[in-house]
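Novice: sequence and predicted structure, then a few things I'm wondering about:
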Amino acid sequence: MDDEFITVGGHPTHVHDYHQFLHVPVGRIVVTVTVTALGTEYEVTPSTGLWLPAGLPHSARFDPDALVVSETFDSGRYRLPYRGATAVAVSTARRRALLARMREHGSAPDDDALFAELTTGPADRLPLPCPTSDPARAVADGLLRRPDDPRTADEWARALYTSSTTLRRAFRSETGIAFSEWRTRLRLNRSLELLAEGQLVGTVASRVGFVSTNGYILAFRKHFGRTPGAYARTSGERTAA
């Protein structure tokens with residue numbers, strides 16, 4: 001893609017012939033992957049990076065204060081473990097590696113080391129910052145105890161004698177993600193533990209609060225780039241090894 005297509009507000013749909021890792025040290029961007037007609041949106045924040053494999057059509061919208069960092073890797077040389085767009089946690093170690101890369105100022109970059117840092121290690125669990133204000137923290141604590149709690153933001157707000165607007169704004173400003181996305185990440189993280197125990201996908205979906213098994217599989221694939229069944233098989237192989 002030519003640089004002239006990139007504006008302060010984002011860029012239109014395009015593809016790369018290289019793998020791309022997007023990180024936002026400041027602010028937030030929304031990347032839309034258009035594999036299907038409807039497209040799938042991914043939020044990139046300081047705590048969440050996004051892998052975009054070579055050849056994947058996507059566009060992006062940038063918040064006005066967003067600082068966008070793009071790391072690129074030769075698709076012929078580097079084998080990316082994800083087939084689709086995949087959000088991964090930006091751990092402290094990864095953040096340090098990315099910031100060190102920004103400070104290199106033209107020196108020869110160590111692509112191998114950075115690629116290894118961004119694709120290995122504890123990448124399974126999704127980042128889940130905790131809100132700090134009392135109502136939002138009460139909701140978070142309740143969902144941590146019972147991720148299958150079906151209450152909506154409106155219902156939580158009524159129970160806590162606050163407004164749903166205040167509650168949603170608190171989640172967005174204090175965690176960087178919307179309430180619905182926060183709850184989805186919590187449920188997916190909890191499901192990893194149950195899958196590792198050998199529980200069936202349908203059972204896991206129900207236990208963590210997904211209305212349908214298919215909805216759980218779609219959410220899992222969106223965030224982890226593979227199905228729950230594939231994750232369970234890989235987890236079993238690691239345990240056996």
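Specialist: Structure's in. What do you need? Just so it is clear, the model here is predicted, and its values are computed rather than measured.
Novice: which residues sit in contact with A87?
Specialist: Contacts for A87 (CB atoms under 8 Å, 6 or more residues apart in numbering) come out as Y42, E43, V44, T48, G49, L50, W51, L126, H223. C-beta: built from backbone N, CA, C; applies to glycine.
Novice: neighbours around the first one, how many?
Specialist: The number of residues packed around Y42, counting by other CB atoms under 10 Å, is 21.
Novice: before we move on, what about the last one?
Specialist: Other residues near H223 come to 20 when the count uses other CB under 10 Å.
Novice: all the helices of this protein, in order from the start?
Specialist: Using DSSP state H, the helices of the chain run over residues 92-102, 111-119, 134-145, 153-159, 164-175, 179-196, 201-208, 213-224, 228-240.
Novice: the contacts of A87 in strands, which ones?
Specialist: With DSSP state E as the criterion, strands contain Y42, E43, V44, T48, G49, L50, W51 from among the contacts of A87.
Novice: touching, the first one and I29? I think so.
Specialist: Going back to what we said before, that points to Y42. No: at 9.1 Å, Y42 does not count as touching I29 under the criterion of CB atoms under 8 Å.
Novice: compare the mean pLDDT across the helices of the chain and name the weakest.
Specialist: The minimum mean pLDDT among those belongs to helix 228-240 (a mean of 67).
Novice: so for D65, which of the helices of the chain sits nearest?
Specialist: helix 164-175 (13.2 Å; CB to CB).
Novice: which residues are in contact with the closest one?
Specialist: Counting by CB under 8 Å, 6+ apart, 128-133, 135-136, 139, 153-154, 156-157, 160, 177-179, 182 sit against helix 164-175.
Novice: selecting buried members of these in PyMOL, what would you type?
Specialist: To isolate in PyMOL the members of the contacts of helix 164-175 that are buried, counting by 16 or more other CB atoms under 10 Å, one can use:
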select buried, resi 128+129+131+135+136+139+153+156+157+160+177+179+182
